[in-house]
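Novice: Structure of the sequence below:
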Amino acid sequence: MADLAQSEPDGPTLDEKSSLKELALFFLRLGTTAFGGPAAHIAIMEDELVRRRKWLTREKFLDLLGASNLIPGPSSSELAIHIGYLRAGWAGLVVGGICFILPAAILVALIAWAYVRFGHLPAAAGVLYGVKPVVIAVILQALWGLGRTAVKSWPLAIAGVICAVLSFWGTNALAILFGAGAILACFHTISRGIKQRQTARHGALVLLRGNFRANLARLFPLAGGAGAATLVPGLWPLFLVFLKIGSVVFGSGYVLLAFLRADLVAHRAWVTDAQLVDAVAIGQVTPGPVFTTATFLGYLLRGPLGAAAATVGIFLPAFILVAASGPLIPFLRRSATAGAFLDGVNVASLALMAAVSYQLGRSAIVDALTIALAIASAVLLLRFRINSAWLVLGGAMAGIVAQYVRGG
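Specialist: Numbering: from 1, shown residues only. Here you go, the predicted model:
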């Protein structure tokens, strides 16, 4: 696969400034409209940046997705940061990540203000009702396109099926990712060794059929080539707690919930269980990263400054980890064994995404209207290539109208 990473110029060029502007506008819009959690965010990025804008190939997109899943933190945010780095270097890394995170963080902070002021969550049932079936169609469309690129051989296809089954059984996501990568790397190494031995054996037989003395020198080189908070924390402790959580959490928003409860409810008694559930619900129903749950909790604990401290704390590790790991991806691809490991991780990532989409589909497609929305969205995506952001907004409007009609 061609190495798409480019060397950085000494100063920002006109093309780089244009790329930064494009990055900022795209990820600001994505952070404002991307409902549905990480799987939906990834699907929309694939639709927009691979299929439409052709900023990167499907192979490169899969490599960045696999790398994002291998490090702790919010996978879709890390994918945005990776793409920013690929598109516009270090400045793009910062711009891509911040522009994706910022709209959701601001929206969640505003909801937190309303929550503190009025004591309840703003109604979002209608929006979710219409958006969820559209998101399922977007995810399935992305899975179809990425799967055709990722599943390059029968071992990868078998690995994908096994990973999906393990995900349904509740196996740890990180164990699935690393296990698939390690097994595929071992399989590649063994297969290559067998092929080399067969080639060496065949070459040796051919040489032995000729003059032994003349071919002896060539034989050896061939053979050798094989509620209200009960305590009010300071800003610095608040920042450090969320920094730690952002550094160690793998997986979905439900995994995040477990870490948040252990630190904020059980250990420190900063928030109640009811407040934590409300915070996670807000992170799930608002567009952008689910990790903006931290913004809500930070606002509950210390107001706007607390929201800022918690948001920076939980997302900062993602920027650092991507900055450290992103430049290594092209070098991994140059190694056949490391490339096989990355292929395994990519297939496992898609298997996990498929399992999530199935679970989302069971809760999203519940009646005739949601079935119609899902089918219509799939047709508009695949046949007419309608922009997925418009479909999401259309689904939200349909949900609001349906809720109003039923309420009336």
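
Novice: Which parts of stretch 369-385 count as buried, going by neighbours?
Specialist: In terms of neighbour count (16 or more other CB atoms under 10 Å), stretch 369-385 has its buried residues at 370, 373-374, 376-378, 380-381. The way it works is simple: take the backbone N, C-alpha and C, and place the C-beta from them, glycine included.

Novice: And stretch 48-57, by the same measure?
Specialist: 48-50, 55-56.

Novice: And those residues, which is closest to Leu107?
Specialist: Glu48 (20.5 Å; CB to CB).

Novice: Verify the stated contact: the closest one with Asn387.
Specialist: Yes: with contact defined as CB atoms under 8 Å, Glu48 counts as touching Asn387 (7.5 Å).

Novice: Tell me which two in the buried residues of stretch 48-57 are the farthest apart.
Specialist: Glu48 and Leu56, at 11.2 Å, using CB to CB across the buried residues of stretch 48-57.

Novice: how about TSV for the buried residues of stretch 369-385, with secondary structure and distance to Val265 added?
Specialist: Below are the buried residues of stretch 369-385 laid out as TSV (DSSP: H, G, I helix; E, B strand; the rest coil; distance: CB to CB, whole Å):
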residue	secondary structure	distance to Val265
Thr370	helix	34
Leu373	helix	37
Ala374	helix	36
Ala376	helix	42
Ser377	helix	38
Ala378	helix	41
Leu380	helix	43
Leu381	helix	41
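
Novice: Let me know the closest of these to Ala338.
Specialist: Leu381 (34.1 Å).

Novice: about what we covered before: save the buried residues of stretch 48-57 as CSV, and put in distance to Phe168 too.
Specialist: Converted to CSV, these look like this (distance: CB to CB, whole Å):
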residue, distance to Phe168
Glu48, 29
Leu49, 29
Val50, 27
Trp55, 33
Leu56, 31
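
Novice: Just the closest of those to Val405, please.
Specialist: Closest to Val405, out of all of the buried residues of stretch 48-57 and judged by CB to CB, is Glu48, at 32.1 Å.

Novice: quick one: contacts for that closest one?
Specialist: Contacts for Glu48 were tallied using CB atoms under 8 Å, 6 or more residues apart in numbering; they are 26, 30, 387-389.

Novice: Got the phi and psi for it?
Specialist: Dihedral pair for Glu48: phi -80, psi -50, per degrees, to the nearest 10.

Novice: Mind listing what's buried along stretch 266-275?
Specialist: 268, 270-272, 275.

Novice: Using PDB, list the CA coordinates for that stretch.
Specialist: What follows is stretch 266-275, C-alpha atoms only, in PDB (Å, rounded to 0.1, in the frame of the first residue of the first chain):
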ATOM      1  CA  ALA A 266     -17.600   4.800  44.800                       C
ATOM      2  CA  HIS A 267     -14.100   6.100  45.500                       C
ATOM      3  CA  ARG A 268     -14.600   9.900  45.800                       C
ATOM      4  CA  ALA A 269     -18.300  10.400  46.200                       C
ATOM      5  CA  TRP A 270     -18.200  13.500  44.000                       C
ATOM      6  CA  VAL A 271     -21.500  12.600  42.200                       C
ATOM      7  CA  THR A 272     -24.400  10.300  42.800                       C
ATOM      8  CA  ASP A 273     -25.400   7.300  40.700                       C
ATOM      9  CA  ALA A 274     -28.400   9.200  39.300                       C
ATOM     10  CA  GLN A 275     -26.200  12.100  38.200                       C
END
